[in-house]
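Peer 1: here is a sequence with its predicted model. Questions after.
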Amino acid sequence: MLTLTEMLGASMWARNLAAQHLQRVTAEITQRDVPAGAFACRKGEPVEHWIGVISGLLKVSIVSPAGRSMTLTGVAAGGWFGEGSMLKTEVRRYDAIALRATRVACMSRASFNWLCEVSIPFNRFLVNQINERCGQFIAMLEADRLLDRDARVAHCLWVLFNPYLYPGFGPHIDISQEEIGHLSGLSRQHVNKALHLLEGRGLLRVDHRGITITDVAGLGSFSG
DNA sequence: TCATTAAATTGTT
DNA sequence: AACAATTTAATGA
């Protein structure tokens, strides 16, 4: 299990921060353990924190009035989310559910605002992060509306592998096929078939309780 | 260290 | 959704 310090070391924004800035906000960050299946945050709550994943895996999703849920993205270790709501002062617009026992880091609004004021690298990071996310959501719309199931699995893994949003640790992603199913909105059976199809195309390798990406660009452009 | 068992995950139907 | 096969993790000799 990773520590907060190790996780920050991998986080894109913490890498480029001045030492004294990082030291101060690190001291102010609080940690919270979220059991599997529980909410890390809920739609409609006031947004008090910028949230990062220290270990585990979150699913960011929204639920329609009719009860249908739609997954927006997954957040793996090293990833942070909610900066949009920090900048705008609004209530949380989605749920974040732990797909397995997950430890999150919470940066208060005060710390976040302070970083925005004193750190140019942090502002540059925010612009890049929001830009990356914007590109991913466009790709997600395409995958969701135009592409088949195999491509949706490919896209969902490609999103998780994005080195900017989720600066993981190497090409291996620790995730079960069931968890991929929850992220992509498909059944475990479809995920299983899709993974082996993608493996046959040389884009990844199916491991036990995980996968190893061998061709990131290929995953991103896969469309059947 | 090795064997046994339980639990989790995968592959198929 | 249910089942069997496989892998990992945990336990104790």
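Peer 2: Nice, I can see it.
Peer 1: I figured A:G84 was touching A:I130, is that so?
Peer 2: Yes: assessed by Cβ atoms under 8 Å, A:G84 is found in contact with A:I130 at 6.9 Å. To be clear about C-beta, it is placed using only N, CA and C from the backbone, and glycine gets the same treatment.
Peer 1: what secondary structure does the residue nearest the centre of chain A sit in?
Peer 2: Nearest residue to the geometric centre of chain A (Cα atoms, centre = their mean): A:V75, 2.0 Å. Look at A:V75: counting by DSSP: H, G, I helix; E, B strand; the rest coil, its state is strand.
Peer 1: so what's it scoring on pLDDT?
Peer 2: A:V75 carries a pLDDT value of 94.
Peer 1: one more: A:N162?
Peer 2: 85.
Peer 1: could you measure from it over to DNA strand C?
Peer 2: Distance check for A:N162 against DNA strand C: by Cβ to the nearest atom of the strand, to the nearest Å, it reads 26 Å.
Peer 1: number of nearby residues for that residue?
Peer 2: 19 (other Cβ atoms under 10 Å).
Peer 1: what sits against it?
Peer 2: A:N162 is in contact with A:132, A:136, counting by Cβ atoms under 8 Å, 6 or more residues apart in numbering.
Peer 1: again, 6 Å this time
Peer 2: Neighbour list for A:N162: empty [criterion: Cβ atoms under 6 Å, 6 or more residues apart in numbering].
Peer 1: what's the distance between it and DNA strand B?
Peer 2: For A:N162 relative to DNA strand B (Cβ to the nearest atom of the strand), the value is 21 Å.
Peer 1: what do you get for A:A96?
Peer 2: 20 Å.
Peer 1: now do A:H155
Peer 2: From A:H155 to DNA strand B the distance is 19 Å (Cβ to the nearest atom of the strand).
Peer 1: for the residue nearest to the residue nearest to the centre of chain A when sequence neighbours are not counted, give me its contacts.
Peer 2: Computed as Cβ to Cβ, 6 or more residues apart in numbering, the closest residue to A:V75 that is not its neighbour in sequence is A:L58, at 4.3 Å. Taking Cβ under 6 Å, 6+ apart, we find A:L58 in contact with A:40, A:75, A:96, A:98.
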